[in-house]
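>>> For reference, the sequence and a predicted model appear below.
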Amino acid sequence: MLVAPWWHWPSQTGHGRTSRPALQKYETSDLVNTFLADPQLRLKFLHHVDEVVAITPASSPLGSPIRKPTGVRKLYLDTHRRHYLVTCELHCDATGFPPVTMDQVCQAGFVIRRRLFDVPIEERAASRTMLRRLASAKQRLASAEAELATARLRHTATVHARKLEARREAAASLVAQHQAAVRDWASAIGLRRRLEGWIPQGIDRTPGTPGTHVDMPACPAGGAQGGASPPAPLAGVGRWKAVEELPTDLAEDSFPLRPLIADPTNPGSDAAGATIYYGLVPTGSADVDPNGTARFDDDSTYEIRCFVRRHKAACPRTGPQCHCPITWSDPAESYRLAPHFDLRGTANRPVTVQLPDLNALQSDALTLPPGSTGGVIMKRPQSLMPKAGFPPGGSVGGPEICTFAIPLITIVATFVFMLFLPIVILIFQLWFMLLLKFCIPPEVTPDVSFEAALAAAPPSGVVSAALDAEIDSGFDEMMGGATEPPDPSHPAIPAIPASQVLKSQVSLPERMRLAKMVLSGSVNPVPPADLVFAPHVDRSQAVP
């Protein structure tokens, strides 16, 4: 049996036999070394961050869309600075649930599949209502299981633990009821669910069928039937095709699972006494189908199934292991990929573009010789200017090589962007896009002249109170007179001006709070970071 690693058992079903392979979330691209050093060290999946939401458009341009959770896991992309591993543990379905040694396995991997539903148009409204109810029930169940797992970690009193257990059972019963309602509705309308896997493609080399795309055989060493030449594989080309839940022949494209080797010098290692595998979950791929459609998108729902092959003594360990019996796991939790321009994802990796200083740019341009300021060289096969002696229109000049300084391109691009931004917002009534522009006042740093003036000041370096007050007044005026509201628990303390907040709190979150003062006139609490680590689990809590 392929189940979740033992530290996931308490948070899933409470028992190892009924668990399924688990996903682990990381912020670093060095997640493999992080996992090898501490398999339990991972980020916690948060409902408000790592869950797909169904969005109902706003009824007016100034209205707010309605967001409803769907209960489906959301995986961010590599460009969003989030990475994922799938982990599983191999056991023997026998008394005591003993682990299986790695020498009995000749291949381990996982496949990524997707499920599709063909819902009639007249039944889509009913399906959305039932799915919303099911997602709400699943959210309650997840919350109850999380509270119960936390209580077990803290060794909460038995009475409170029983109440949490009863709450979890009630939520599980509600989920089962909604799932039964969905199944009855699907059976009544004859709804069918298609399971599709990614099948690699090749070119048929049979005479008379040049260039025909065909599925690659399940066993690369098997060749083609009838003595014909096997298809020539096409790198990075495949197609989604209906597959069985538990096939005996693996024709799908698979990803490798690596064994987690326990440190022999550390008897308390999480991998000690267990057979654990892990694999890197791809959130993007260069694979396409014969029509050029990408393999993965942000509209489909995917699931992962892990597998291992039990090695036969008569089979060699080198080459394809096509004839060794295969064991499948239950599917891991379903997930969807975040869009490329997901705001929360792109915010994890901001890009800074430094605009040039016009005064410095002018000074450098006057001192450098002509033609030495180019950072980009453009070679044009013909000039867009008319030849000498020809009337304008229809005639072009000879080849031309031009150099353009990178600051010049940056300035023009910024000017065009700032010019068309309000036009696009006004024409298409996209007022919400104003929230995507967030300007923060720069940090005030003393220039050379100010440093020279301070050098002439007394050794104490104390600036006069009048100058200090003038600076504060100018900063408060720049901030529009915004103030931090008083603490409700201490109404006697007056509001704090922006200049005083800047003096006492200069960290980046506080500077962002100052910028929010300009937008809203008040300071909102800084949202909590989503980099929350999952709690460690003790072996005594793992129930086989």
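Okay, I see it.

>>> Can you give me the buried ones in the lengthiest helix in the chain?
In the chain, ranked by residue count with DSSP state H as the criterion, the top helix is helix 158-189. For helix 158-189, a neighbour-count test (16 or more other Cβ atoms under 10 Å) marks 164, 167-168, 171-172, 174-175, 178, 182, 186 as buried. Where you see a C-beta, it was placed from the backbone N, CA and C, and this is true even at glycine.

>>> again, but for stretch 363-379
Residues of stretch 363-379 classed as buried by neighbour count (16+ other Cβ under 10 Å): Thr373.

>>> quick one: terminal-to-terminal distance for that stretch?
28 Å (Cα to Cα, to the nearest Å).

>>> what sits up against it?
When contacts are defined by Cβ atoms under 8 Å, 6 or more residues apart in numbering, stretch 363-379 is touched by residues 399-407, 409.

>>> So among the residues you listed, which ones count as buried?
Neighbour counting with 16+ other Cβ under 10 Å marks 405, 407 as buried within the contacts of stretch 363-379.

>>> Quick one: the helices in the stretch 251-400 of the chain, in order.
For the stretch 251-400 of the chain, the helices defined by DSSP state H, counting those that start in this stretch occupy 343-346, 358-367.

>>> Redo these as CSV? Include distance to Gly197 and mean pLDDT.
Putting the helices of the stretch 251-400 of the chain into CSV (distance: least, Cβ to Cβ, whole Å; pLDDT from 0 to 100) gives the following:
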stretch, distance to Gly197, mean pLDDT
helix 343-346, 27, 90
helix 358-367, 57, 87
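
>>> Reformat those as CSV; add distance to Arg17.
Compiled in CSV, these are given as follows (distance: least, Cβ to Cβ, whole Å):
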stretch, distance to Arg17
helix 343-346, 36
helix 358-367, 69
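
>>> now the strands: where do they sit in the stretch 1-150 of the chain?
With strands called from DSSP state E, counting those that start in this stretch, the stretch 1-150 of the chain shows them at 2-3, 22-26, 51-56, 66-75, 83-90, 105-117.

>>> For the last one, what does the pLDDT average out to?
This points to strand 105-117. For strand 105-117, mean pLDDT rounds to 92.

>>> Which strand or helix spans Thr403?
Here Thr403, judged by DSSP states H and E, is contained in strand 400-404.

>>> Adjacent strands (with direction) for that strand?
Next to strand 400-404 in the sheet, as set by DSSP bridges, lie strand 376-380 (antiparallel).

>>> now the longest helix of the chain against strand 66-75, angle please.
Counting by axes from the mean of the first three to the mean of the last three Cα atoms, to 10 degrees, helix 158-189 lies at 100 degrees to strand 66-75.

>>> what helices or strands is helix 158-189 leaning on?
Helices and strands touching helix 158-189, as assessed by 3 or more Cβ pairs under 8 Å, 6 or more residues apart in numbering; DSSP states H and E, comprise helix 124-153.

>>> how far out from the middle of the chain is the helix it packs on?
On the basis of Cα atoms, centre = their mean, to the nearest Å, helix 124-153 sits 22 Å off its chain's mean C-alpha point.

>>> Stretch 72-80 now?
A distance of 2 Å separates the centroid of the chain from that of stretch 72-80, by Cα atoms, centre = their mean.

>>> How about stretch 24-42?
Averaging C-alpha positions (Cα atoms, centre = their mean) puts stretch 24-42 15 Å from its chain's average.

>>> and if you look at stretch 4-18?
Stretch 4-18 has its C-alpha centroid displaced from the chain centroid by 24 Å (Cα atoms, centre = their mean).

>>> okay, now Arg192: neighbour count?
Neighbourhood size, Arg192 [other Cβ atoms under 10 Å]: 9.

>>> How about the contacts made by the closest residue to it other than its chain neighbours?
Spatial nearest neighbour of Arg192, excluding adjacent residues (Cβ to Cβ, 6 or more residues apart in numbering): Asp118 at 6.6 Å. Counting by Cβ under 8 Å, 6+ apart, Asp118 touches 191-192, 194.

>>> where's Asp118 relative to Ser127, distance?
Using Cβ to Cβ, to the nearest Å, one obtains 11 Å as the distance from Asp118 to Ser127.

>>> same check, this time on His311
Separation of His311 from Ser127 (Cβ to Cβ): 45 Å.

>>> now Arg114
Counting by Cβ to Cβ, the separation of Arg114 from Ser127 is 18 Å.
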